[in-house]
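1. Mind folding the following:
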Amino acid sequence: MPDRTEPAQTPAPGSGDDAAGRGASRRPVDGVLFDFHGTLAQVEEARDWVTAAASACGVTLDRVRATALADRLLTAGRAGGPLPARVPPALAELWADRDLYPHAHRGAYTGLAETVDAGIDGLAEALYERLLVPEGWVPYPDTAPTLTALRAAGVRVGVVSNIGFDIRPLFDAWGLTDLVDAFALSYEVGRCKPDPGIFLRACGMLGVDPERALMVGDTPADAGAVAAGCAVLVLPAADAGRRNGLGAVLDLAGPG
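-> Residues are numbered from 1 along each chain as shown. I've put the predicted structure just below:
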């Protein structure tokens, strides 16, 4: 699967081979599906994540200890990435089901965190709880402007995410809920990207033909929407607070 799949283009009316050199018309887009993590928002910086979780446990970490502990926890595996270097056999089943069941999501990631001896009681649970609150995430700078522009243009918007918990409260806190028409979350839909079923479900929720939908994400799993008939735009995931090129969506799905 290529890293980027551009929306399909159709020849201009009455054109021949010579028209191909002059360009082609843009594929009509009635709805845009967005991945969540790495596309609309990024998890907070790892040291801040660890520091906040330790504080919730009544422990204050200095910068050096927090950095060292964050490095070890990232190697073990953090929700929001990176993937674990190794999944212990005892966690294999939870790991496989993590995006289908909330208990599996929590169990997998707290279990991975518990493989790191941090010397702080309750840290694994506190690290996971940080994932569930708005402060544990940073929306990309272009997220609100892009969603606002799509709303103004009359384009339907959906969020399609492989995830084991409800992200709607995060959007409520960020003031973005009114800019999203539907959430297709894997643990609710029972399908995970790249299964075309989750993209088809999202299009159905929006009332949009998949052939007139654009999926925007940052991984090959997001590009699986091609099998559902959607056009796909794959963007590079950026660090928290940095632009990731999300505004390019408006060139493809904004006013013609």
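2. pLDDT weak spots in this protein?
-> 1-26, 254-256 (pLDDT under 70).
3. Can you show me the helices along it?
-> Secondary structure of the chain (DSSP state H): helices located at 17-22, 46-56, 63-76, 92-96, 102-114, 123-131, 143-152, 168-174, 186-189, 196-206, 249-253.
4. Return the angle between stretch directions for the longest one and helix 102-114.
-> Yep, that's helix 63-76 we're talking about. Helix 63-76 and helix 102-114 are oriented at 130 degrees to each other (axes from the mean of the first three to the mean of the last three Cα atoms, to 10 degrees).
5. Just the endpoints, please. Distance across stretch 30-45?
-> Distance across stretch 30-45, first residue to last, is 35 Å (Cα to Cα, to the nearest Å).
6. just stretch 209-219 next, same as before
-> The first residue of stretch 209-219 is 23 Å away from its last residue (Cα to Cα).
7. can the helices of the chain go into a markdown table with extra columns for distance to Val32?
-> C-beta here means a position set from N, CA and C on the backbone, and glycine is covered the same way. Shown next, in a markdown table, are these (distance: least, Cβ to Cβ, whole Å):
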| stretch | distance to Val32 |
| --- | --- |
| helix 17-22 | 27 |
| helix 46-56 | 29 |
| helix 63-76 | 31 |
| helix 92-96 | 30 |
| helix 102-114 | 26 |
| helix 123-131 | 25 |
| helix 143-152 | 6 |
| helix 168-174 | 15 |
| helix 186-189 | 18 |
| helix 196-206 | 9 |
| helix 249-253 | 5 |
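8. Which one, of these, ends up nearest to Ala240?
-> helix 46-56 (8.9 Å; Cβ to Cβ).
9. Identify each buried residue in the closest one, please.
-> Neighbour-count burial for helix 46-56, counted by 16 or more other Cβ atoms under 10 Å, picks out 46-54, 56.
10. ok, back up a step: out of the helices of the chain, the one nearest Val160 is which?
-> Using Cβ to Cβ as the measure, helix 196-206 is the one of those that comes nearest Val160, at 4.9 Å.
11. Could you give me the buried positions within that closest one?
-> Neighbour-count burial for helix 196-206, counted by 16+ other Cβ under 10 Å, picks out 196-203, 205-206.
12. Which strands and helices lie in contact with that helix?
-> strand 31-34, strand 156-161, strand 182-185, helix 186-189, strand 213-217 (3 or more Cβ pairs under 8 Å, 6 or more residues apart in numbering; DSSP states H and E).
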